[in-house]
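Enquirer: After the sequence you'll find the predicted model.
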Amino acid sequence: MTLRINKLYRPANVLIPVLIAMISLQGTCRYSLKDVSIPPEIKTVRVFFIENKARYINPQLSPKLTDKLRQKIVNQTRLSQTNNDADYEVSGYISEYSVSTSGISQQQVASNNLNVTVHILFRNRQNDKLNFEADITRNFPFSASKSLTQAEAELNDQIITNLTDEIFNRIFSNW
């Protein structure tokens, strides 16, 4: 008994038009996260200095995190930075900056985590229902063979970038 497949039902005859349709749709669909959740009446933002209230203080973290957040908001939204009353106000403080053991090998510490938490306060002067407070926590692994000073030197840019991105996304994304 031989099975004959009609040419119209071959997988290639169905698959090729579907792939062409998907490719053409992909080329025409565009999306942007810029200003995705900023109402048109919101024009200004004020980012207050993010203080360091952790037990251990990395003196570079607060000023760099504050500056990077200000730059990201100005560069990736249409909002204008102001030092006066603003439609959006962002403030906060570093509440944790600590090291914990994250891995043990042959009964010795093999890796550590640098744990950083930033407590953010967001105020929307146009809509109080959208105000919030949130803790943004990130852990940054490093080898136990390195001192905290060495780890900070290597991780500083990553810490600032990751925290900035998390804070930005928490403020401007609705997901």
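Expert: Received the coordinates, thanks.
Enquirer: Can you list the buried residues in the host helix or strand of Ser91?
Expert: Assigned by DSSP states H and E, Ser91 belongs to strand 88-105. By neighbour count on 16 or more other Cβ atoms under 10 Å, the buried set for strand 88-105 is 88-95, 97, 102. Every residue, glycine included, has its C-beta placed from N, CA and C.
Enquirer: Same check on stretch 136-144?
Expert: Neighbour counts over stretch 136-144 (16+ other Cβ under 10 Å) mark 136, 138, 140, 142, 144 as buried.
Enquirer: what's the nearest residue to Val99 once chain neighbours are set aside in contact with, if anything?
Expert: Spatially, and ignoring its direct neighbours in sequence, Val99 is nearest to Asn112 (5.3 Å; Cβ to Cβ, 6 or more residues apart in numbering). Asn112 makes contacts with 99-102, 141-144, 151, as judged by Cβ atoms under 8 Å, 6 or more residues apart in numbering.
Enquirer: Please identify which two of the residues you listed are farthest apart in space.
Expert: The largest separation in these, counting by Cβ to Cβ, is between Ser100 and Ser143 at 14.2 Å.
Enquirer: If you count neighbours, what's buried in the longest helix anywhere in the chain?
Expert: Taking DSSP state H as the criterion, the chain has its longest helix at helix 148-172. For helix 148-172, burial by neighbour count (16+ other Cβ under 10 Å) applies to 151-152, 155, 159-160, 162-164, 166-168, 171-172.
Enquirer: Determine how far it lies from the middle of the whole chain.
Expert: 9 Å (Cα atoms, centre = their mean, to the nearest Å).
Enquirer: and for it, what are the contacting residues?
Expert: 33, 36-38, 58, 60-61, 64-65, 68-69, 72-73, 76-77, 88, 90, 92, 99, 112, 114, 116, 118, 120, 122, 134, 136, 138, 140, 142-143, 146.
Enquirer: avg pLDDT for that helix?
Expert: Model confidence over helix 148-172, given as mean pLDDT, is 95.
Enquirer: Stretch 87-104 too?
Expert: On average, stretch 87-104 scores 90.
Enquirer: could you list every residue that touches Ala86?
Expert: Applying Cβ under 8 Å, 6+ apart, one finds that Ala86 lies in contact with 44-46, 125.
Enquirer: one step back: so which of the contacts of helix 148-172 belong to strands?
Expert: Filtering those for membership in strands, criterion DSSP state E, returns 88, 90, 92, 99, 112, 114, 116, 118, 120, 122, 134, 136, 138, 140, 142-143.
Enquirer: tell me the mean pLDDT for stretch 127-136?
Expert: Regarding stretch 127-136, the rounded mean pLDDT is 95.
Enquirer: Endpoints of that stretch, how far apart?
Expert: Distance across stretch 127-136, first residue to last, is 23 Å (Cα to Cα, to the nearest Å).
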